[in-house]
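1. From the sequence below, what's the structure:
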Amino acid sequence: MERRTFIAGTASALTIGLPGCSALESGDDSTGDDTGDPDATVANGSFEDGLDGWTVGKDLPEVPGGNGHVDHGVETTDRQASDGDRSIQFYVSGVADDGTIWVEQPIDFTDVTAVELEGYSHQQSFNEMAQVAFFAGEKAEGGLAEADFDRSEQTEDHEGWKTYSYDVSDVSGTGTLAVGINVVWETEIRRLFDDVRTVTE
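-> As a prediction, this is how the structure comes out:
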């Protein structure tokens with residue numbers, strides 16, 4: 001299957017079609033890091049300022065028997081939040097049983113021991129439909145791909161909000177923090193995350 005990795009730059013527009021949702025342009029909402037050198041604090045970790053501080057990335061398959069890649073999208077929403085008034089929603093059509101989409105930003109991991117985030121599931125399911133996609137460290141020059149992510153945690157093994165915690169004590173210096181979802185079931189997947197934060201020594 002032909003795959004490609006795409007990182008939305010701060011000057012390029014990423015138009016994302018979401019059924020029932022407005023489209024986003026990364027040039028407006030996904031500004032990346034423009035505050036100087038990264039530090040150990042996640043910028044806009046509760047998404048109160050939209051996607052400011054984050055850039056959007058994806059590694060998606062082509063639509064089976066069709067043209068183009070599967071439907072997908074990233075937006076902030078005020079429907080549910082574990083911290084503040086907003087959270088981030090990832091959407092991927094599971095028509096190909098595959099696909100990874102995420103947001104990322106640079107972090108100084110020198111004194112960081114763990115990264116925590118909150119994930120929301122409308123209801124608990126015993127079927128594994130999607131996974132949390134987590135990455136912390138130095139990314140390859142060509143950008144991130146599905147295989148780079150820790151996908152050990154399911155997104156629907158609970159109801160309501162759940163705290164996910166990842167040990168990053170082996171990461172040092174400036175690297176990339178990325179969070180998102182990976183689809184493993186043939187269905188439309190929408191998942192909410194909020195309050196991405198670092199734990200320091």
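
2. Could you point out which residue ranges in the protein have low pLDDT?
-> Applying pLDDT under 70 to the chain picks out residues 1-36, 95-97, 128.

3. how about the helices in it?
-> Remark: helices assigned in the chain by DSSP state H are 26-29.

4. Identify the neighbouring strands of the lengthiest strand in it in the sheet and state each direction.
-> Longest strand in the chain, counting residues (DSSP state E): strand 189-200. Here strand 189-200 has these sheet partners by DSSP bridges: strand 87-92 (antiparallel), strand 112-121 (antiparallel).

5. which residue sits closest to E116 in space, ignoring its chain neighbours?
-> Distances taken as CB to CB, 6 or more residues apart in numbering place S165 nearest to E116, at 4.9 Å, with adjacent residues excluded. Using the backbone N, CA and C atoms, a C-beta is placed for each residue, glycine as well.

6. meant to ask about L192
-> Nearest one to L192, counting by CB to CB, 6+ apart, is Y120 at 4.0 Å.

7. and if you look at V199?
-> Nearest non-adjacent residue to V199 (CB to CB, 6+ apart): A114, at 4.1 Å.

8. Kindly state the beta-bridge partners for the one you found.
-> Applying DSSP bridges, one finds that A114 bridges with D167, V199.

9. if we can go back for a sec, and the residue nearest to L192, what does it touch?
-> For Y120, the contact set (CB atoms under 8 Å, 6 or more residues apart in numbering) comprises Q80, S82, S87, G160, W161, K162, R191, L192, F193, D194.

10. Quickly compare the strands paired with strand 189-200 and say which is most buried.
-> strand 87-92 (a mean of 25; mean count of other CB atoms under 10 Å).

11. got the contact list for it?
-> With contacts defined as CB under 8 Å, 6+ apart, strand 87-92 is touched by 18, 21, 46-47, 51, 60, 70-77, 79-81, 99-103, 118, 120, 130, 180-181, 183, 188-194.

12. The same query, at a cut-off of 6 Å, please.
-> 18, 47, 72-77, 80-81, 99, 101, 180-181, 183, 189-194 (CB atoms under 6 Å, 6 or more residues apart in numbering).

13. Tell me which residue of the protein is furthest from the middle?
-> Taking CA atoms, centre = their mean, the residue of the chain most remote from its mean C-alpha position is G65, at 27.1 Å.

14. Show me where this protein has its strands.
-> 3-7, 55-61, 72-77, 87-92, 100-108, 112-121, 130-137, 160-167, 174-183, 189-200.

15. Take these and lay them out in CSV including distance to E153.
-> Below are the strands of the chain laid out as CSV (distance: least, CB to CB, whole Å):
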stretch, distance to E153
strand 3-7, 22
strand 55-61, 18
strand 72-77, 19
strand 87-92, 14
strand 100-108, 14
strand 112-121, 8
strand 130-137, 4
strand 160-167, 6
strand 174-183, 10
strand 189-200, 11
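
16. Which one of those strands lies nearest to D150?
-> Relative to D150, the nearest member of those by CB to CB is strand 130-137, separated by 4.5 Å.

17. tilt between the closest one and strand 55-61?
-> Counting by axes from the mean of the first three to the mean of the last three CA atoms, to 10 degrees, strand 130-137 lies at 130 degrees to strand 55-61.
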